[in-house]
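Engineer: Got a predicted structure plus its sequence, pasted below:
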Amino acid sequence: VNLTFTSPADHGLLQALKLVKSPGVAIEFGMGTGRNLRECAKKGFDCTGYDVNDWVVEQVREQFDKYGIRAKVLNQDVLDINFQRSSLTVAIVGTTIFWPKSIVESFLKKLWVAIKPNGILHIEFATPKDGTHKSEFLEYMCAPIPGSPNSYCHSSVYCGYCDEHPGVLGASYWQYSEIVGLLNRLGKWQSIARKVDDWHQVFTDGSTLFRSFDRVTVKKVS
Ligand SMILES: C[S@@+](CC[C@H](N)C(=O)[O-])C[C@H]1O[C@@H](n2cnc3c(N)ncnc32)[C@H](O)[C@@H]1O
């Protein structure tokens, strides 16, 4: 089943939102369908969603208008954001699948400082089983990064894939033990939820792609 604006928000995020006593600032980095941010807006958070894809931004704005959802929807590369210390109650990250592991780590290190104590971090990772791990894009247009397993850097000067999918710097695929290691390097955290979602993505031409995402939700412990 493909995800759309009306698909439910992620299980872990819904669990986490139940724990937040007073809504603050919620940001989604790479909002895609906007279904996670929509849930934060409904709960009264001051919401901003970023995406670098024009079409995505247009669609989410249209849907938010249609359903009366109040949120800022910005067309901006999340790697250009300057974070303010302890300013975020909820941070949702949907971009890791397009980045090599080193960029995921440097982005999360900056983001962690911006999350308030007891704030929520919800991240979507691709697992090594994800169908894109066997894609032609990865095989012909990316280079594996030495010493960093399942981490790839986009290497081609011309890339038709990236013209249609801006923001793609490569790819990374994570075992859960690596995700735990990464989070431990950020600081102290407590797990709220973890869910591995496997499904078949269906394209307009009828072809399918197996997807496998590990979605983790943690609370920052002060
Ligand atoms: C996998 S989707 C997120 C899906 C979302 N969690 C959902 O359920 O709909 C990732 C999104 O991140 C966007 N993206 C990728 N790199 C980005 C970047 N550097 N800055 C902003 N958005 C980016 C892509 O355009 C894409 O829409």
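Structural biologist: On my side now, so go ahead.
Engineer: is the ligand contacted by the helix-or-strand element of the chain with minimal mean pLDDT?
Structural biologist: For the chain, using mean pLDDT, DSSP states H and E, the weakest element among its helices and strands is helix 160-164, scoring a mean of 77. No - applying Cβ under 6 Å from any ligand atom, one finds helix 160-164 out of contact with the ligand, separated by at least 10.0 Å. C-betas here are computed from N, CA, C, even on glycine.
Engineer: Identify the residues contacting that helix?
Structural biologist: The contact list for helix 160-164, computed with Cβ atoms under 8 Å, 6 or more residues apart in numbering, reads 137, 141, 154, 168.
Engineer: Spatially central residue for the chain, please.
Structural biologist: Gly94 (1.0 Å; Cα atoms, centre = their mean).
Engineer: list the contacts for that residue?
Structural biologist: Taking Cβ under 8 Å, 6+ apart, one finds 28-32, 36, 124 in contact with Gly94.
Engineer: Next one: the closest residue to Tyr176 other than its chain neighbours from Ala114, what distance?
Structural biologist: With sequence-adjacent residues excluded and distances taken as Cβ to Cβ, 6 or more residues apart in numbering, Tyr176 is closest to Asp214, at 6.2 Å. Between Asp214 and Ala114 the computed distance is 23 Å (Cβ to Cβ, to the nearest Å).
Engineer: Contact residues of the chain facing the ligand?
Structural biologist: Taking Cβ under 6 Å from any ligand atom as the measure of proximity, the chain contacts the ligand at 3, 30, 32-33, 35-36, 50-53, 56, 77-79, 94-95, 97-98, 124, 167.
Engineer: which stretches of this protein form strands?
Structural biologist: Assigned by DSSP state E, the chain shows strands spanning 25-29, 46-51, 72-75, 88-93, 115-126, 142-144, 151-154, 170-172, 189-202, 208-220.
Engineer: What is the neighbour count of the nearest residue to Val221 once chain neighbours are set aside?
Structural biologist: Excluding its sequence neighbours, the residue lying closest to Val221 (Cβ to Cβ, 6+ apart) is Lys188, at 4.0 Å. Per other Cβ atoms under 10 Å, the neighbour tally for Lys188 reads 12.
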